[in-house]
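Chemist: coordinates only, no sequence provided:
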């Protein structure tokens, strides 16, 4: 609507530029113009102009008819990390948690329907995808996402539910009422364990990280496989370590936990 202030302030050319940048992924490492146009839904002339602009800025390079990202793109994520003290403060705790459990430790934040990895200490590859900083996974089917959603405003949870809860494995919770019940349980427990809902064989446990104001700003996770552990073992052995690490990260961010806490906060 033309009179909508939000629409008047929206710069479509920037949206299209990011759409082209984000179209480069592991399936399109060196795409051509036609492939980028198909991936973004933009016309070839529009994609060409965007690529030439990004090339001039140093973010992409051309090789014949193929295009690729340059290392300069990494500076965008670097600026995010540099502007978020949480990531730097969390890193030693991630290392310690990984050393104590012998498993990968990660920190994630909520972005739309996804939990996005913002820090990670990998031990071994346990997922079919290659997980790295910036990797996105559906929040509704993961322990990190459920921790973030358990303390998120109702409007965000409503948006997740409205978008559907498709089954990713035979274990994925897809019923809305059951899913909302899971979030209530996570909030009551103060942590979340998810078994084989994102991928068969994957086990993960997460706990919330809070800032000075008490707001949940990230989820700390430890992940393993069913061949190496079990839900019962994670609950008895890993949850105490995870809660302690999450509380120490929160304390570094200025959060002061009370004696009587909701969940573990």
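Modeler: Thanks, I have it. Nothing here was measured: the structure is a model prediction, and the numbers come from that model. Residues are numbered from 1 along each chain as shown.
Chemist: can you give me the helices in the protein?
Modeler: Secondary structure of the chain (DSSP state H): helices located at 5-8, 12-22, 33-40, 44-57, 74-83, 85-101, 143-150, 154-162, 176-189, 231-233, 239-252.
Chemist: among these, which is nearest residue 225?
Modeler: Closest of the helices of the chain to residue 225 is helix 231-233, at 12.0 Å (criterion: Cβ to Cβ). (Each C-beta comes from the backbone N, C-alpha and C, glycine too.)
Chemist: which residues sit against the closest one?
Modeler: For helix 231-233, the external contacting residues (Cβ atoms under 8 Å, 6 or more residues apart in numbering) are 193, 195, 203.
Chemist: setting aside sequence neighbours, what's the nearest residue to the first one?
Modeler: Closest residue to residue 193 apart from its sequence neighbours, by Cβ to Cβ, 6 or more residues apart in numbering: residue 205 at 4.7 Å.
Chemist: looking at the contacts of helix 231-233, which has the most residues close by?
Modeler: Per-residue neighbour counts (other Cβ atoms under 10 Å) across those peak at residue 203, which has 26 neighbours.
Chemist: show me what that residue bridges to in the sheet.
Modeler: With DSSP bridges as the criterion, residue 203 is bridged to residue 195, residue 224.
Chemist: do the one 4 residues further on as well
Modeler: With DSSP bridges applied, the residues forming beta bridges to residue 207 are residue 220.
Chemist: can you report how many residues neighbour the residue nearest to residue 193?
Modeler: Residue 205 has 28 neighbours, counted by other Cβ under 10 Å.
Chemist: ok, now the one 3 residues further on?
Modeler: One way to gauge burial is a neighbour count; for residue 208, by other Cβ under 10 Å, it gives 28.
Chemist: now stretch 27-36: buried residues?
Modeler: When burial is assessed from 16 or more other Cβ atoms under 10 Å, stretch 27-36 yields the following buried residues: 31, 33, 35, 36.
Chemist: please disregard the earlier target; I meant stretch 138-153.
Modeler: By 16+ other Cβ under 10 Å, the buried positions in stretch 138-153 come out as 138-152.
Chemist: related to what we said a few turns ago, nearest to residue 217, of the helices of the chain?
Modeler: The nearest among the helices of the chain, by Cβ to Cβ, is helix 85-101 at 6.5 Å.
Chemist: which strands or helices does the closest one pack on?
Modeler: Under the contact definition 3 or more Cβ pairs under 8 Å, 6 or more residues apart in numbering; DSSP states H and E, helix 85-101 sits against strand 104-111, strand 114-121, strand 216-225, helix 239-252.
Chemist: can you redo those as a markdown table with mean neighbour count and distance to residue 160?
Modeler: Shown next, in a markdown table, are those (neighbours: other Cβ atoms under 10 Å; distance: least, Cβ to Cβ, whole Å):
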| stretch | mean neighbour count | distance to residue 160 |
| --- | --- | --- |
| strand 104-111 | 23 | 10 |
| strand 114-121 | 22 | 10 |
| strand 216-225 | 26 | 15 |
| helix 239-252 | 20 | 22 |
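Chemist: adding distance to residue 133 and mean pLDDT, write those out as CSV.
Modeler: As requested, these are arranged in CSV below (distance: least, Cβ to Cβ, whole Å; pLDDT from 0 to 100):
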stretch, distance to residue 133, mean pLDDT
strand 104-111, 10, 93
strand 114-121, 6, 92
strand 216-225, 13, 94
helix 239-252, 17, 95
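Chemist: of all the ones you listed, which one comes closest to residue 14?
Modeler: Of all the helices and strands packed on helix 85-101, strand 104-111 comes closest under Cβ to Cβ, at 17.5 Å.
Chemist: would you enumerate the residues in contact with the residue nearest to residue 107 when sequence neighbours are not counted?
Modeler: In space, and not counting its chain neighbours, residue 107 is closest to residue 119: 4.0 Å by Cβ to Cβ, 6+ apart. Contacts for residue 119 were tallied using Cβ under 8 Å, 6+ apart; they are 87, 90, 91, 94, 106, 107, 133.
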